[in-house]
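Q: Predicted model follows, preceded by the sequence.
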Amino acid sequence: MNKVPVIAIDGPSGSGKGTIASRIAETLGFSLLDSGALYRVLGIACHRHNTALSDSSAVASLARNLDIQFGLSGEGSVSLDGEDVSLAIRTDLGSDMASKVGAIEAAREALFQRQLDFRVAPGLVADGRDMGTTVFPDAALKIFLTASLEARAERRYKQLIAKGIDAILPALLRDLKERDRRDSERTVSPLKPAEDAIVIDTTDLTIETVVKKVLECYSAA
């Protein structure tokens, strides 16, 4: 049994899991895994290489051979084939492609070991959609963050605008709704709380409040 502790933070897009995970990792001095970034990079790579998503073998091969490098955190710099794709993977295209490749079982299997390799001492904070249910089922603490669709779309809109990326709020709302459906209905690792996860609705909570709640839960675990 791996004794390196893991805090798994799952939830839909815009629930705040990336920001919260980054803050928790920084506070505890743990490593950080932004699993969503892995899928976003794979999705962008498929798009750039004109790899058909219907060809699961080709997608899996691309996943196994990705030349990907991360900065100090999952919300930091990300490079693909030596090119900074930090902004590209946060666009609507990046989000849509990540959701689509995430539904491909062969792709998930190819990225699985890469995610496990992030588990190093003194600990790991892993954020995504199946960290607590599939990748780290033995996590010391499992958190599932949620928020209203409207709140998540608004957060996503502000995030994109702040990064200089054009965004239209109604379109984001529609895309998030569709992604929620796709992520929760897929047969492979669907988006859902682990049975032993602590669910936190972040709709009306500040980042600081959620971070405090998660740290308190970890201390009590």
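A: Done, it's in.
Q: Can you tell me which helix or strand of this structure has the lowest average pLDDT?
A: strand 68-70 (a mean of 75; mean pLDDT, DSSP states H and E).
Q: Note down every partner strand of the helix or strand that that strand is followed by and its orientation.
A: Of the helices and strands lying after strand 68-70 in sequence (DSSP states H and E), the nearest is strand 78-80. Next to strand 78-80 in the sheet, as set by DSSP bridges, lie strand 68-70 (antiparallel), strand 83-84 (antiparallel).
Q: Not counting its own residues, what contacts strand 78-80?
A: Contacts to strand 78-80, defined as Cβ atoms under 8 Å, 6 or more residues apart in numbering, come from residues 37, 41, 44-45, 66-71, 84-86, 89. Using the backbone N, CA and C atoms, a C-beta is placed for each residue, glycine as well.
Q: Packing partners of the longest helix seen in the chain?
A: In the chain, taking DSSP state H as the definition, the longest helix is helix 169-185. Packing partners of helix 169-185 (3 or more Cβ pairs under 8 Å, 6 or more residues apart in numbering; DSSP states H and E): helix 92-101, helix 149-162.
Q: Could you identify which of those is most buried?
A: When you average the neighbours per residue for each of the helices and strands packed on helix 169-185 (mean count of other Cβ atoms under 10 Å), helix 92-101 leads with a mean of 21.
Q: for the record, mean pLDDT for that one?
A: On average, the pLDDT along helix 92-101 is 87.
Q: tell me how far the helix or strand just after it is from the chain's mean position?
A: From helix 92-101 onward toward the C-terminus, using DSSP H and E, the following helix or strand is helix 105-116. Averaging C-alpha positions (Cα atoms, centre = their mean, to the nearest Å) puts helix 105-116 14 Å from its chain's average.
Q: cool, and stretch 156-168?
A: 18 Å.
Q: Identify the residues contacting that stretch?
A: By Cβ under 8 Å, 6+ apart, stretch 156-168 touches S13, G14, L87, R90, T91, D92, L169, L172, L176.
Q: How far does that stretch stretch from one end to the other?
A: Taking Cα to Cα, to the nearest Å, stretch 156-168 runs 10 Å from one end to the other.
Q: now do stretch 69-80
A: 7 Å.
Q: Also stretch 188-199?
A: Taking Cα to Cα as the measure, stretch 188-199 stretches 21 Å from start to finish.
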